[in-house]
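Enquirer: I'd like to go over a predicted model; first the sequence, then the structure.
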Amino acid sequence: MRTESIPARIELLYWEECPSYDLALQRLRELLAERQIATPVRLIEVTTEQQAEQLRFPGSPTIRIEGQDLFPVPDGPYGLTCRVYRTDDGRVTPLPTTEMMRKAINGILREE
Amino acid sequence: MAIALESRLISFALKGTDEKVHGPELYTGAKVLGVIFSCNHCPYAQAWEGRLIEIQRDYAGRSVQFLLINSNDPAKYPDDSFPKMQRRAQEKGYPFPYLFDETQEVARQYGATRTPEIFLFDERRVLRYHGAPDDNYENPGAVRQPYLRSAIEALLGGKTPPTAETKPVGCTIKWK
């Protein structure tokens, strides 16, 4: 039987001016609880363009597990902005749906 | 701070993506006039964009007119530049003027802070609804409170909107 590794580093990066990061955090915590992952989510507030570049922050909210973005954007751009997500049916949304996050987390944890 | 309910409309003249100057005086026949602060880059504005287009189309024959205004600083957010506004208006088939508030004066006068943020005026050009388009930016199918539609219906029927003010939800306006 395959056992799932427990990630040591889970981060939610946000910019205060985008209002939905708390909802993203709530969804993330619920999904981690479903999988019985007790690793605390580290909240990182991004406040400057320079910091956004350094952290390769494509917008708020951004969720990373072991440094891997749930929805990678390898080439940026990076900066202080609200992040655009797209649902499977093509809708634009300011934060990923629970199902999008579940799939992404499954994918990352399977790779480890 | 946004202008208060029952305030009179504040006039303006802004260049639209059609290269013409628009202002409320061009739409004196409209029974309901919506001044809506929006932009290109913001995911909240994008998420609600289709619904605003749909509402404008649904009510075009009933003397309802929206004016969309982008007040963001394009130096900070290049996606909100005038050429990009023109492209978006064309690609999305905007059924309303999309205006560029280059000096940000109109946003300041209205006290707008978010995109999208709606100021809905009645036939006398008195502010009767201010806030968000509805209660669900994520999913149009899950909307329970269609604030804007309900306010328009009420005003067209000579009634008071059931909800007159809600908290605008969206990206902050990007000041210079």
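Expert: Thanks, I have the structure now.

Enquirer: Could you check how far the residue sitting furthest away from the middle of chain B is from B:Gln104?
Expert: Computed with Cα atoms, centre = their mean, the residue of chain B farthest from its C-alpha average is B:Ala75, at 22.2 Å. As judged by Cβ to Cβ, to the nearest Å, B:Ala75 and B:Gln104 stand 12 Å apart. Glycine gets a C-beta too; all of them are placed from N, C-alpha and C.

Enquirer: got any residues that touch both of the two?
Expert: With contacts defined as Cβ atoms under 8 Å, 6 or more residues apart in numbering or on different chains, the residues shared by B:Ala75 and B:Gln104 are B:Lys176.

Enquirer: how about the strands in chain B?
Expert: B:14-16, B:21-22, B:32-37, B:64-70, B:98-100, B:114-115, B:117-121, B:127-131, B:171-172 (DSSP state E).

Enquirer: That should have said chain A, apologies.
Expert: Going by DSSP E, chain A shows strands at A:10-14, A:41-45, A:62-65, A:68-69, A:85-86, A:92-93.

Enquirer: bridging residues for the residue nearest in space to the middle of chain A?
Expert: Note on chain A: the residue nearest the mean C-alpha position is A:Ile63, at 1.5 Å, using Cα atoms, centre = their mean. Going by DSSP bridges, A:Ile63 is paired in beta bridges with A:Leu12.

Enquirer: Check what contacts stretch B:124-132 and list those residues.
Expert: B:2-9, B:24, B:33, B:48, B:116-122, B:147-148, B:151, B:155, B:160-161, B:163-170.

Enquirer: Give me whichever of the strands of chain B is most buried.
Expert: strand B:114-115 (a mean of 27; mean count of other Cβ atoms under 10 Å in any protein chain shown).

Enquirer: Which other helices and strands does it contact?
Expert: helix B:43-59, strand B:171-172 (3 or more Cβ pairs under 8 Å, 6 or more residues apart in numbering or on different chains; DSSP states H and E).

Enquirer: Quick one: mean pLDDT for it?
Expert: If you average the pLDDT over strand B:114-115, you get 98.

Enquirer: try stretch A:25-39
Expert: Here the average pLDDT along stretch A:25-39 is 96.

Enquirer: Over to stretch B:165-176?
Expert: 97.

Enquirer: same check, this time on stretch B:93-111
Expert: 98.

Enquirer: do it and chain A meet at all?
Expert: No - for stretch B:93-111, no contact with chain A is found by Cβ under 8 Å from any Cβ of the partner chain; the gap never falls below 15.3 Å.

Enquirer: does B:Pro78 really touch B:Asn40, like I thought?
Expert: No - using Cβ atoms under 8 Å, B:Pro78 is not in contact with B:Asn40; the gap is 9.5 Å.

Enquirer: Overlap in contacts, these two.
Expert: The contact lists of B:Pro78 and B:Asn40 share B:Lys84, where a contact means Cβ under 8 Å, 6+ apart.

Enquirer: Among the two, which residue is more densely surrounded?
Expert: B:Asn40 (23 against 12; other Cβ atoms under 10 Å in any protein chain shown).

Enquirer: Enumerate every residue touching the more buried one.
Expert: B:Gln46, B:Asn70, B:Asp79, B:Asp80, B:Lys84, B:Met85, B:Arg88.

Enquirer: near chain A, which residues of chain B?
Expert: So chain B meets chain A at B:41-44, B:46-47, B:49, B:77, B:137-140, B:169-172 (Cβ under 8 Å from any Cβ).

Enquirer: which ones are touching A:Glu53?
Expert: A:Glu53 touches A:Tyr78, A:Gly79, counting by Cβ under 8 Å, 6+ apart.

Enquirer: My guess is B:Pro161 contacts B:Arg149. True?
Expert: No - using Cβ under 8 Å, B:Pro161 makes no contact with B:Arg149, being 10.2 Å away.

Enquirer: Show me the residue at the heart of chain B, geometrically.
Expert: Short answer for chain B (Cα atoms, centre = their mean): B:Ile36, at 1.3 Å.
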